[in-house]
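Asker: I would like the atomic coordinates for the input below:
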Amino acid sequence: MTDDVSKRLNYGRQTPDVFRAMMAFSQASAKGLDPVLVELVKIRASQINRCAYCLDLHLAMARKAGESEQRIDLLTAWEEVPGVYTEKERAALALTESVTLLTDGFVPDAVYERAAQHFDDDELAALVSVIVAINAWNRLNVAFRTPPGGEK
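Answerer: Below you'll find the predicted structure:
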């Protein structure tokens with residue numbers, strides 16, 4: 001049995017106020033953070049959540065921001081490639097995975113403390129907000145099966 005994805009709603013059209021609020025939240029959450037780091041976080045969460053739309057979008061945005069193909073290609077195995085990502089990026093990616101995979105339990109203190117060593121309070125609050133925002137976008141796009149390159 002095959003799902004007919006074309007019958008899924010376009011949530012942006014159905015709930016324009018929610019869509020605008022999500023856009024504002026996403027933009028506000030990234031303020032003060034390195035744009036490349038933000039894209040790495042969004043890509044990693046989208047990989048975990050299997051969100052094709054967000055992967056397509058944020059891979060393109062990372063490339064536009066100057067991210068290398070090698071670092072993009074190795075992102076799924078970031079823990080296995082010391083020296084490819086900075087310690088700050090590695091802390092952000094560990095936090096991304098912990099916040100995204102809440103079914104594994106609470107964000108461990110060690111993961112939080114690792115991130116807190118690399119981000120000041122404002123940056124850490126922004127980073128968690130970016131992670132929450134991309135997870136929300138992932139869930140919307142997965143639920144409505146927004147196609148890569150498609151409009152919401």
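Asker: for this protein, what's the longest helix?
Answerer: Assignment by DSSP state H gives helix 121-143 as the longest helix of the chain.
Asker: Report all helices and strands that it contacts.
Answerer: The contact analysis (3 or more CB pairs under 8 Å, 6 or more residues apart in numbering; DSSP states H and E) places helix 121-143 against helix 16-30, helix 35-49, helix 52-64, helix 87-100, helix 109-118. Yep, even glycine has a C-beta here, placed from its N, CA and C like the rest.
Asker: what residue ranges in the protein are flagged as low confidence?
Answerer: The chain contains residues with pLDDT under 70 at 1-6, 150-152.
Asker: tell me, what residue is most central in it?
Answerer: Lys42 (2.1 Å; CA atoms, centre = their mean).
Asker: Report the separation between that one and Thr103.
Answerer: For Lys42, the distance to Thr103 equals 20 Å [CB to CB, to the nearest Å].
Asker: do Ala65 as well
Answerer: Distance, Ala65 to Thr103, using CB to CB: 31 Å.
Asker: More neighbours: these two, which one.
Answerer: Taking other CB atoms under 10 Å, Ala65 and Thr103 do not tie; Ala65 has more neighbours (15 against 5).
Asker: Was I right to think the more buried one contacts Val36?
Answerer: Yes. Using CB atoms under 8 Å, Ala65 makes contact with Val36 at a distance of 5.1 Å.
Asker: closest to Glu79 out of the helices and strands packed on helix 121-143?
Answerer: Each of the helices and strands packed on helix 121-143 has some distance to Glu79 by CB to CB; the shortest is helix 87-100, at 7.6 Å.
Asker: quick one: that closest one to chain centroid distance?
Answerer: In this view, helix 87-100 has its centroid 11 Å away from the chain centroid, taken as CA atoms, centre = their mean, to the nearest Å.
Asker: for Arg114, what are its contacts?
Answerer: The neighbours of Arg114, taking CB atoms under 8 Å, 6 or more residues apart in numbering as the test, are 91, 94-95.
Asker: ok, those residues vs Ser46, which is closest?
Answerer: Nearest member of those to Ser46, counting by CB to CB, is Leu95, at 15.4 Å.
Asker: what about the closest residue to Thr146 other than its chain neighbours, how many residues close to it?
Answerer: Of all residues not flanking Thr146 in the chain, Tyr53 sits nearest, at 4.2 Å (CB to CB, 6 or more residues apart in numbering). By the criterion of other CB under 10 Å, Tyr53 has 22 neighbours.
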